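> 3D model of this:
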Amino acid sequence: MTHARSAYLKEMGISEWLARDTMAPTSLPTESEQQMTTTNTTKVTAQAEPQFQWWFFGKPVAGDEAILFNQCLRVLGLNVHEWRWHRFDGKQLLDPIATSAPDYPLVAVAFGAGAAQSLSGEKESLPQLREIVLTLTSDTSKQAFEIPLIASFDLAHLLARPQDKALLWNDLLLAHSVLHNL
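You can find the predicted model right below:
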């Protein structure tokens, strides 16, 4: 990053994060591809379990939305075993979530009002749900546990209104802060 750009970011109060990779795929990996990549990464790094994990909830994405999401992953510096995408079709969760509490810190980010409202049980609009820590509750027959949930804009909204990407950045910083204070 150039010195001038670093100075601008510092002046705005934004800390610099370095990306671990430079490629931005145009689609998200499927669950089996993510697990296969995780297995291969685990073999290489000899790390069986992640130190922490991010769960992202939103509508299935491809194209520019997937590129934007992958840029978020790069900025956060997340490896494939440190995050998981859960598809949400606007009304219901299409992928199951874990049935037991993980052994590591976990934070969830909901992209869009529908996902945030459904997962948190809150009825307020997205502007009222943003910038606060909500709770995603998993109540299964085995064990109940709570996960901090951060609401943010739908990725399609961010592509249509690029000026709101700064607000997404604030949401990711909040989630990052919550995760590292667990």
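> Show me where the protein has its helices.
Shown for the chain, the helices assigned by DSSP state H span residues 3-11, 31-45, 64-76, 113-120, 126-129, 155-160, 165-180.
> Can you tell me which of these has the worst average pLDDT?
Sorting these by mean pLDDT places helix 31-45 lowest, at a mean of 45.
> what packs against the longest strand out of those in the chain?
The strand that spans the most residues within the chain, counting by DSSP state E, is strand 144-152. The elements that strand 144-152 packs onto, with contact taken as 3 or more CB pairs under 8 Å, 6 or more residues apart in numbering; DSSP states H and E, are strand 106-111, helix 113-120, strand 134-139, helix 165-180. Heads up, the C-betas are built off the backbone N, CA and C, glycines and all.
> now that strand: mean pLDDT?
Rounded mean pLDDT across strand 144-152 is 89.
> Next up, the contacts around the nearest residue to V178 once chain neighbours are set aside.
With CB to CB, 6 or more residues apart in numbering as the criterion, V178 has its nearest non-adjacent residue at 4.8 Å, and that residue is P148. Counting by CB atoms under 8 Å, 6 or more residues apart in numbering, P148 touches L106, V107, A108, V133, L134, T135, L136, A175, V178, L179, L182.
> For the third one, grab the count of nearby residues.
For A108, the neighbour count with other CB atoms under 10 Å is 27.
> And the pLDDT for it?
Looking at A108, the pLDDT reads 95.
> wouldn't it be in contact with W55 here?
Yes: between A108 and W55 there is a contact at 4.3 Å, judged by CB atoms under 8 Å.
> and stretch 173-180, which residues are buried?
Of the residues in stretch 173-180, L173, L174, A175, H176, V178, L179 count as buried by neighbour count, 16 or more other CB atoms under 10 Å.
> I97 versus Q51, what's the distance?
As defined by CB to CB, to the nearest Å, Q51 lies at a distance of 20 Å from I97.
> More neighbours: these two, which one.
I97 (15 against 9).
> my read: the more buried one touches R87, true?
No: if you go by CB under 8 Å, I97 and R87 don't touch, sitting 11.3 Å apart.
> what's the distance between L149 and L158?
19 Å.
> Those two: which has the busier surroundings?
Set side by side, L149 and L158 show more neighbours around L149, with 25 against 21, by other CB under 10 Å.
> who touches that one in this structure?
V107, A108, V109, A110, A116, L119, S120, V133, L134, T135, L136.
> same thing but at 10 Å, please
55, 57, 107-110, 115-116, 119-120, 122, 129, 132-137, 175, 178 (CB atoms under 10 Å, 6 or more residues apart in numbering).
> related to what we said a few turns ago, need the overlap of contacts for A108 and W55.
R84, H86, I97, L119, L136, I147, L149.
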